[in-house]
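> Kindly generate the corresponding structure for this input.
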Amino acid sequence: MTAPLSSETAPTPTDADRYPTLSAAGRKLLDAMREHPNAPIFRNQSGNRLLAEDIEQLEDFEAALGDPPAGNAIPNWVSGCIARAYENIPHYRNLGSPPASLTDVPPVSRADFAADIASFVPDTEPTGRMINFQTTGTTGHSLLVPSHPQVAGRYLSIHKKALARFGVVPQYGAGQVGVMLLGHQQPCFTYVSVTPTMDESGLIKLNLHPGDWRNDGDPARYIDAMEPEFIAGDPLSFDVLLGMECKWKPRALMSVSMMLSDGLRGRLEERFDCPVLDLYSMNEVGPIGVYDAALGGYVLLQDKLWIEILDEEGAPVTEGERGEITVTGGFNFCLPLLRYRTGDYGALATVKGERIIKTLIGRAPVRFKSASGQWHNNIDVTHALKPLPIAQYALHQNADGALDLSLSSGAMHLQDEALQALRGLLGHLPMRVTEIAHDGKALQYSTDLTDAL
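As a prediction, this is how the structure comes out:
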């Protein structure tokens, strides 16, 4: 449930670096995952890099996890975040004295991080064991996110919290594969590892792209042989999984990285007969929320993450009003966040005493103009296409009003249904359907019309 640990500048690590506490049983499991006759071509090596003291501290972190902040009052711990940032983080120290209120802290964005990420790392954090994640988004800003083996290990605690909400408690341990991470792209980072905080249960990162396998049918046979307790992936890889002849049924599926449609979730639940968790997560922040249909939104997961919704000028909006999701705090001590504008949009609400994010849409809102001249928010488009089991799509409106709809390869057979849904919302505009020409993230909504943003 953690992302790969990597660094482009560090010397090539040894297995002793990758698995500092590895036992003989753990080594046996690593060999079994790598050397199975149906195993893929693992193109990379990675590991947990957790020392014995790290494992103890991760157990303390999990034991101390509390409930997310409730209500509109800024939690007391936020003032400590501000004080530490203005003392120890170069970017904020250069701004002068710390402000009295969080609302007086200037927000920052992904572009600020991309321009000079080092200025947002605390001087107090030793660099010797730092690692980084290279992320790509839909904003055009590639980003290196500073992290640490303990930070990567904390993902598991938050994921456990999300699973517990749906009555699932991880059980796998020594000699068993706990988590399988799926991708479907070229290239893709693939590896095997073990999770010391789960008694060295196995962790496998697979690429379902045909180029990573020796024989047809090997992906399904390998998954059946490994019997992972949980399978995590994104809608694209899950769409491919649905087309495979796997017999194994995990205890839960966890969708990350991209928004999961109701139609695809329903197909996954029916096929694998298990809960399907839709997690709102990003590399800069970690898991933020998990979708709960009973509450109609993403229930917050982190106890030390404060969320604001800001308008274009950086001012907080009223409860229930949509704006840019902005976060403070978080569990990554290598990148403490102060009013980080995520580039995602949604609204905060309190439902049955719990704080949730509603109408979550990744990236800036876009309006689409119908044949009758009426404007429709991209949320309306999302709702129109949500019943269809489409793993990924992108919609663009040209200057003449015509629409270009791009669908993932596995959803091209749904183009007639998708066009019908769009016509029901936007009328009989000229519409063209193409296949998304690359793997990975695509800018979901875009337009050439003025006044559409």
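
> Would you confirm that Gly343 contacts Ala111?
No: applying CB atoms under 8 Å, one finds Gly343 not in contact with Ala111, separated by 9.3 Å. Glycine gets a C-beta too; all of them are placed from N, C-alpha and C.

> Mind checking which of the two has more residues around it?
Gly343 (20 against 13; other CB atoms under 10 Å).

> pLDDT score assigned to that one?
Per-residue confidence (pLDDT) for Gly343: 87.

> pull the longest strand from the chain.
Once the chain is assigned using DSSP state E, the strand that runs over the most residues is strand 337-351.

> Paired strands for it, with orientation please.
strand 108-109 (parallel), strand 323-329 (antiparallel), strand 354-362 (antiparallel) (DSSP bridges).

> Please work out which of those strands is packed deepest.
Highest mean neighbour count of the strands paired with strand 337-351: strand 323-329, a mean of 23 (counted as mean count of other CB atoms under 10 Å).

> okay, the worst-scoring helix or strand of the chain on mean pLDDT in PDB with CA atoms only?
Counting by mean pLDDT, DSSP states H and E, the chain has its least confident helix or strand at strand 131-135, which shows a mean of 79. Extracted C-alpha coordinates of strand 131-135, given in PDB (Å, rounded to 0.1, in the frame of the first residue of the first chain):
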ATOM      1  CA  ILE A 131      14.000   9.400  -0.600                       C
ATOM      2  CA  ASN A 132      11.900  11.100  -3.300                       C
ATOM      3  CA  PHE A 133       8.900  10.300  -5.500                       C
ATOM      4  CA  GLN A 134       8.700  11.700  -9.000                       C
ATOM      5  CA  THR A 135       5.100  12.500  -9.800                       C
END
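
> mind listing what's buried in the longest strand of the chain?
By 16 or more other CB atoms under 10 Å, the buried positions in strand 337-351 come out as 337-349.

> swap in stretch 367-387?
Neighbour-count burial for stretch 367-387 [16+ other CB under 10 Å]: Arg367, Phe368, Lys369, Ser370, Asn377, Asn378, Ile379, Val381, Thr382, Ala384, Leu385, Lys386.

> give the contact list for the last one.
So the one you mean is Lys386. Ser261, Asp262, Gly263 (CB atoms under 8 Å, 6 or more residues apart in numbering).

> For it, give its distance to Asp292.
Applying CB to CB, to the nearest Å, the value for Lys386 to Asp292 is 16 Å.

> Let me see the ranges of the helices in the protein.
With helices called from DSSP state H, the chain shows them at 15-18, 24-35, 52-64, 77-88, 90-93, 110-115, 149-165, 218-226, 235-242, 262-272, 378-385, 415-426.

> which other residues reach the first one?
Helix 15-18 has contacts (CB under 8 Å, 6+ apart) with Leu22, Gln45, Ser46, Gly47, Asn48, Arg49, Ser193.
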